[in-house]
Structures are given as C-alpha cells and as structure tokens.
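In: what follows is a predicted structure for the sequence shown.
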Amino acid sequence: MSCIEKLLKRREKAYFTVEAALVLPMVILFTTVMIFMAFYVHDRCIMEQSAYEAALRGTGNNIKDAQEAYKEAQLAAGRLTDERLFAIKNFTYSVAVTADIVRVAYHCEINMPLLSWLGEYVDALNFSIDAAGEAKRLRQVQEIRFFRTINGKGLTGNEGGGTK
C-alpha cells in the first residue's frame, strides 16, 4: 500500500467524523422531541378520559343531590389523574354541577424542553392542555317512567311480565 492510499483512507475517516459530529446532535434532538411528543399525547388522552369518567362518577345511582354529585366528581377528578401525567406543570381542575349536568375540566401547561426558547420566536403558540368532560344527571325513576310512556306501556301496562 502506497503512501497516497494511506493518506486517502485517513481523509475518509476524518470526513466520517465531521459528518457524525454534525448529524448526531440533530438525531438526539429529534429523538428527544419525539419522546416528549409521546408524553404530550399520553397526557392529553389521560386528561380527556379522566374528565369524562369523573363527570360520570358524579352521576351515579346513589347520588341524591348536587352537593353529593360535586363531592363524588371532585374526588374522582383528583384520583383519576394522580401520578399518571408526565410532561405537565401547573395542573388544575374544576368541577361544576348544575341540576342537569356534571362538568369536569382540567387545565395544565406543557413542560417540555426548548418550548420556552421556541416561544420567543413564535408568538401564536399555546403550550397548554385544556380537557373537559360532562355527563347528564339522570333521575332514574323519572327516566324509566318517561321511556315507558314513549314505548306506549304507560304506568298501567304489563310491566311485571305476568298475565292480565
């Protein structure tokens, strides 16, 4: 092997080192962003599902008044998200109960690297998650009577299954 061939092989190795030094930081940055995007999607899904489930728990069969519905939904809203969210900060939730609806809303800010830096250059970015769920409060006895009336059975129909 001649001296020129050895020199060319060294030069090729040097090119690979320079290319790797330029590409590797971009690969690491892309991988980190993808991991945090997965955290964001996970947290958003958990919050949306938990909001709806907490609202449903506030409409249970054993709940008699709005105060009980509020307590049940408030308790469920905290428990359903406890230690299940990864990339958030300033997490808050609220519960509102009316005569007809239980509504649970979550709000938080996204805690990802480089977002504050990106926010300096792009004004219209919103780095928060808002998720809400609501469920209708049903009065079971009234609903059953209403559907029996719709079906034409009324309250004097043959509900017991026996013969007249």
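Out: Received the coordinates, thanks.

In: in terms of secondary structure, what does the longest helix seen in the chain contact?
Out: Looking across the chain with DSSP state H, the single longest helix is helix 3-57. When contacts are defined as 3 or more C-beta pairs under 8 Å, 6 or more residues apart in numbering; DSSP states H and E, helix 3-57 packs onto helix 66-81, strand 88-97, strand 101-110, strand 128-136. C-beta here means a position set from N, CA and C on the backbone, and glycine is covered the same way.

In: can I get those in a markdown table with mean pLDDT, distance to Glu53 and mean neighbour count?
Out: Shown next, in a markdown table, are the helices and strands packed on helix 3-57 (pLDDT from 0 to 100; distance: least, C-beta to C-beta, whole Å; neighbours: other C-beta atoms under 10 Å):
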| stretch | mean pLDDT | distance to Glu53 | mean neighbour count |
| --- | --- | --- | --- |
| helix 66-81 | 93 | 6 | 18 |
| strand 88-97 | 93 | 13 | 16 |
| strand 101-110 | 94 | 9 | 20 |
| strand 128-136 | 93 | 7 | 17 |
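
In: make CSV out of those and add distance to Leu29.
Out: Below are the helices and strands packed on helix 3-57 laid out as CSV (distance: least, C-beta to C-beta, whole Å):
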stretch, distance to Leu29
helix 66-81, 30
strand 88-97, 22
strand 101-110, 17
strand 128-136, 23
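
In: can you tell me which of these is nearest to Glu5?
Out: Glu5 sits nearest to strand 101-110 of all these, at 54.7 Å, using C-beta to C-beta.

In: which stretches of this structure have low pLDDT?
Out: Within the chain, the segments meeting pLDDT under 70 span 1, 7-14, 115-116, 118-119, 123-124, 139-143, 153-164.

In: just to revisit the earlier point, looking at the helices and strands packed on helix 3-57, which is nearest to Gly152?
Out: Nearest of these (C-beta to C-beta): strand 128-136, 24.3 Å.

In: send me that closest one as PDB with only the CA atoms.
Out: C-alpha atoms of strand 128-136 as PDB (Å, rounded to 0.1, in the frame of the first residue of the first chain):
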ATOM      1  CA  SER A 128     -51.300  24.300  27.500                       C
ATOM      2  CA  ILE A 129     -53.800  21.400  27.500                       C
ATOM      3  CA  ASP A 130     -57.500  22.000  28.300                       C
ATOM      4  CA  ALA A 131     -59.700  18.900  28.600                       C
ATOM      5  CA  ALA A 132     -63.300  18.800  29.700                       C
ATOM      6  CA  GLY A 133     -65.900  16.200  30.100                       C
ATOM      7  CA  GLU A 134     -69.500  16.300  31.000                       C
ATOM      8  CA  ALA A 135     -72.300  13.900  31.800                       C
ATOM      9  CA  LYS A 136     -76.100  14.400  32.100                       C
END
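
In: before I go, just wanted to say thanks for your time.
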